[in-house]
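Student: Give me a model of this one.
(2 chains)
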Amino acid sequence: MTSNLAPAAAPSGEPHIRRLIVIWVVLSAIGVALVVFALGPHMPPWTFSDEARDQRNINIMLAALATPVLLAVWMALVYSIVAFRQRGVAIVDGTPIHGGGRLEVAWIVVTTLIVVSLAVAGTAALFGTTKGAGGGQGPDPLAVPHGSLPPLQVQVIGQQWAWTFRYPAFGGVETTQIAIPAGRVIALHVTSLDVNHSFWAIRLGVKADAIPGSDNVAFVRPRRPGSFRIRCAELCGLWHGHMFTTGLVLTPAAFSSWIRRQVVANAAATRTLPPYSTHYFPEPLRRAG
Amino acid sequence: MSRGARLLAVAGATAVAVALVAIYVADFLAANPTPLRAAPAPRGAQLTLQTVASYGHDPHPDWVSYLARDGSGKWHHTTIFKVPAHALVRVTVYQYDTATGLRNPFWSQVRGTVGNTMTVDGRTLHALPPDDASHTFAIPELGVSVPLKGVGDNAPNQCSVAPCTAAQAHTTVTFTFRTGNPGRFRWQCFVPCAASFVFGNGGPMQSIGWMDGYVQVV
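Tutor: Purely as a prediction, here's the structure:
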């Protein structure tokens, strides 16, 4: 049997490389501009809160950085298929490549710069604006907001299979709907009464695990009145898919009116609630009988 | 192995895998109990239910469960109920189980019913002491939540096999809620009446046909 895998003669690669670089630069300029100016404004989690806006900006930056890399890979693939396709029946192996020190240094430097700049940007988002970037930071948050008004405390309680919300500043009233005032920093204290849940309000840019016996704190500052969808992002049993609700961001005046109504409407339940705590022990553990 | 044989083997294995998934999905969808239509009543419908501490029959004789009664008085082991849209649904629950208590006392308040009230053995109430609750009947998407008072731990003649009878120890809870547009709404119990590992709901609380189900508004 004769071998069809003999190395081909090494062609000069310079014209191809120059052509590839030119195409890549042009496509990248177009692609990055499209990502930043056309796609970027529509990227989740949009701009409903300071945290969401920061996350959206990070997403735009990530997509803008990834675009030239993606285009380079696709372009090399397509160009190779077109330019270096083996014509005829014989299968001929390519020329072995050894060395390439400049190329290796280049990709190490470029990838290091990308990763370090992303780390800097992510850290700035975490400790910038309202602080905390909307993620749960556990019971002792490192990134704590400093402002003229203290954060409004709202407790988020997960239970198979519903969310309830407690407002310690308003007599510890508990509600089935969450409403928060626009323009004020909110401290969400997320906990659970049974299994792990995850409080996910994508429009707010908030996602925090709800863990029994734990107080997971996330900060958010909604920018304008509106509504936001809440879902459980942790598979938690039979009705996990139904564990959703809609929250409201109200003007400060509308929020004052809303919370007063909740205090009255839930008075009977409030009298039976345990004193406000950052978390609760899930009792009873066993059914009676 | 020839190329044709390899292709055949891959295609066969894929077909078997798809068939197994389809059978599993079909079995899951068909496993739900038969829906029971609420009995007609003036301006709406009447739904009559009972809760039992132990079903007493296969496949889970020791599981806590709901049952529903049809218009002829026969009890059915189902938790899928059909009720009319834009109507008043009067619910009567004969509650035969003892109290476990609510994990979240918030659910001790009656919500989403006409007047935000219920009657317990003829007495109108807005709420129940949280420790007295044996179960709840809650339809979260409709905002309905009613705690059900348990029978005393030492009550005589307690029921252990469904369906329970009027002669056995029970409380009678009634309430009425208003339906809106047609749709399918899940309902559940918020009392940890079937706890599992570690703190989560177990067995019957995770199974449609026992302590969870659907209200089909048609």
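Student: Tell me where the chain has strands.
Tutor: Picking chain A for this. In chain A, the segments counted as strands under DSSP state E are A:152-159, A:162-167, A:173-175, A:179-181, A:186-192, A:197-201, A:206-210, A:216-220, A:226-232, A:244-250.
Student: my bad, the chain I had in mind was chain B
Tutor: Per DSSP E, chain B carries strands over the ranges B:36-37, B:39-41, B:44-52, B:65-69, B:75-76, B:80-83, B:88-95, B:118-120, B:123-125, B:133-139, B:144-149, B:171-178, B:183-188, B:212-217.
Student: so what pLDDT did residue B:189 get?
Tutor: At residue B:189, the predicted lDDT confidence score is 96.
Student: Residue B:200 too?
Tutor: Model confidence at residue B:200, expressed as pLDDT, equals 85.
Student: excluding its backbone neighbours, what's nearest it?
Tutor: Excluding its sequence neighbours, the residue lying closest to residue B:200 (Cβ to Cβ, 6 or more residues apart in numbering or on different chains) is residue A:195, at 4.0 Å. Glycine gets a C-beta too; all of them are placed from N, C-alpha and C.
Student: Double-check that neighbour against residue A:212; I have them as touching.
Tutor: Yes - using Cβ atoms under 8 Å, residue A:195 is in contact with residue A:212, at 7.0 Å.
Student: So which of these two has more stuff around it?
Tutor: Ranked by neighbour count (other Cβ atoms under 10 Å in any protein chain shown), residue A:195 and residue A:212 place residue A:195 first, with 23 against 20.
Student: Could you pull up the residues touching the more buried one?
Tutor: Residue A:195 is in contact with A:160, A:212, A:236, A:237, B:198, B:199, B:200, counting by Cβ atoms under 8 Å, 6 or more residues apart in numbering or on different chains.
Student: Counting by contacts, list what the helix of greatest length in chain A packs against.
Tutor: When chain A is parsed with DSSP state H, its longest helix is helix A:50-83. Contacts defined by 3 or more Cβ pairs under 8 Å, 6 or more residues apart in numbering or on different chains; DSSP states H and E place helix A:50-83 against helix A:14-33, helix A:101-127, strand A:216-220.
Student: if we can go back for a sec, redo the contacts of residue A:195 as TSV? Include distance to residue A:186.
Tutor: Listed next are these as TSV, based on distance: Cβ to Cβ, whole Å:
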residue	distance to residue A:186
A:160	25
A:212	23
A:236	24
A:237	28
B:198	30
B:199	27
B:200	28
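Student: just curious, which of those residues is nearest to residue A:224?
Tutor: residue A:236 (31.4 Å; Cβ to Cβ).
Student: surely the closest one meets residue A:161?
Tutor: Yes - judged on Cβ under 8 Å, residue A:236 makes contact with residue A:161 at a distance of 6.9 Å.
Student: Ramachandran angles for residue A:45?
Tutor: Per-residue torsions, residue A:45: phi -90, psi 30 (degrees, to the nearest 10).
Student: Which residue, other than its chain neighbours, is closest to residue A:52?
Tutor: In this structure, residue A:52 finds its nearest non-sequential neighbour in residue A:205, 3.3 Å apart by Cβ to Cβ, 6+ apart.
Student: Verify the contact between that neighbour and residue A:49 for me.
Tutor: Yes - counting by Cβ under 8 Å, residue A:205 does reach residue A:49; the two are 5.4 Å apart.
Student: what touches both of these two?
Tutor: A:134, A:220.
Student: Poorly predicted segments of chain B, please.
Tutor: For chain B, the stretches with pLDDT under 70 are B:197.
Student: per-domain residue ranges of it.
Tutor: Here the domain parsing of chain B from automatic domain parsing is B:1-31, B:34-217.
Student: Tell me how far the residue of the stretch 51-200 of chain A found nearest chain B lies from residue A:163.
Tutor: Chain B sits closest to residue A:195 of the stretch 51-200 of chain A, with a gap of 4.0 Å, by Cβ to the nearest Cβ. From residue A:195 across to residue A:163, the span is 14 Å (Cβ to Cβ, to the nearest Å).
Student: how about the residues of chain A that lie near chain B?
Tutor: Residues of chain A lying close to chain B by Cβ under 8 Å from any Cβ of the partner chain are A:157, A:159-162, A:164, A:174, A:176, A:193-195, A:212, A:236-239, A:242, A:266, A:268-269, A:272-274, A:282-289.
Student: Could you rerun that using 6 Å?
Tutor: Residues of chain A lying near chain B by Cβ under 6 Å from any Cβ of the partner chain: A:159-160, A:162, A:164, A:174, A:193-195, A:212, A:237-239, A:242, A:268-269, A:272-273, A:282, A:284-289.
Student: Tell me which of those residues fall in helices.
Tutor: Using DSSP H, those in helices are A:268, A:269, A:272.
Student: Please name the nearest non-neighbouring residue to the last one.
Tutor: Put plainly, it is residue A:272. The shortest distance from residue A:272 to any non-neighbouring residue, by Cβ to Cβ, 6+ apart, is to residue B:105 (4.1 Å).
Student: Look up how far residue A:221 lies from that neighbour.
Tutor: In this view, residue B:105 and residue A:221 are 32 Å apart by Cβ to Cβ.
Student: So if I had to pick from those two, which one is more boxed in?
Tutor: With neighbours defined as other Cβ under 10 Å, residue B:105 and residue A:221 compare such that residue A:221 has more, 26 against 22.
Student: ok, now how distant is the more buried one from chain B?
Tutor: Separation of residue A:221 from chain B (Cβ to the nearest Cβ, to the nearest Å): 27 Å.
Student: If I look at that residue, what pLDDT would I see?
Tutor: Looking at residue A:221, its pLDDT reads 94.
Student: repeat for residue A:5
Tutor: At residue A:5, pLDDT is 48.
Student: Residue A:255 now?
Tutor: Reported pLDDT for residue A:255: 98.
Student: Skipping adjacent residues, who's closest to it in space?
Tutor: Per Cβ to Cβ, 6+ apart, closest to residue A:255 is residue A:181, 4.0 Å.
Student: tally of neighbours for the one you found?
Tutor: Neighbours of residue A:181 (other Cβ under 10 Å): 21.
Student: what's the answer for the one 3 residues further on, then?
Tutor: When neighbours are defined as other Cβ under 10 Å, residue A:184 has 18 of them.
Student: likewise residue A:270?
Tutor: 21.
Student: could you measure the residue of chain B positioned farthest from its centre against residue B:9, distance?
Tutor: The C-alpha centroid of chain B is most remote from residue B:2, which lies 56.5 Å away (Cα atoms, centre = their mean). Per Cβ to Cβ, residue B:2 is found 10 Å from residue B:9.
Student: Residue B:112: what's it in contact with?
Tutor: B:143, B:144, B:177 (Cβ atoms under 6 Å, 6 or more residues apart in numbering or on different chains).
Student: who's in contact with residue A:270?
Tutor: By Cβ under 6 Å, 6+ apart, the contact set of residue A:270 is residue A:173.
Student: Quick check: pLDDT value at it.
Tutor: Residue A:270 carries a pLDDT value of 94.
Student: same check, this time on the one 5 residues further on
Tutor: Confidence per residue is given as pLDDT, and for residue A:275 that number is 94.
Student: got it, and residue A:72?
Tutor: So residue A:72 comes in at 95 (pLDDT).
Student: and it, how many neighbours?
Tutor: Around residue A:72 there are 16 residues (other Cβ under 10 Å).
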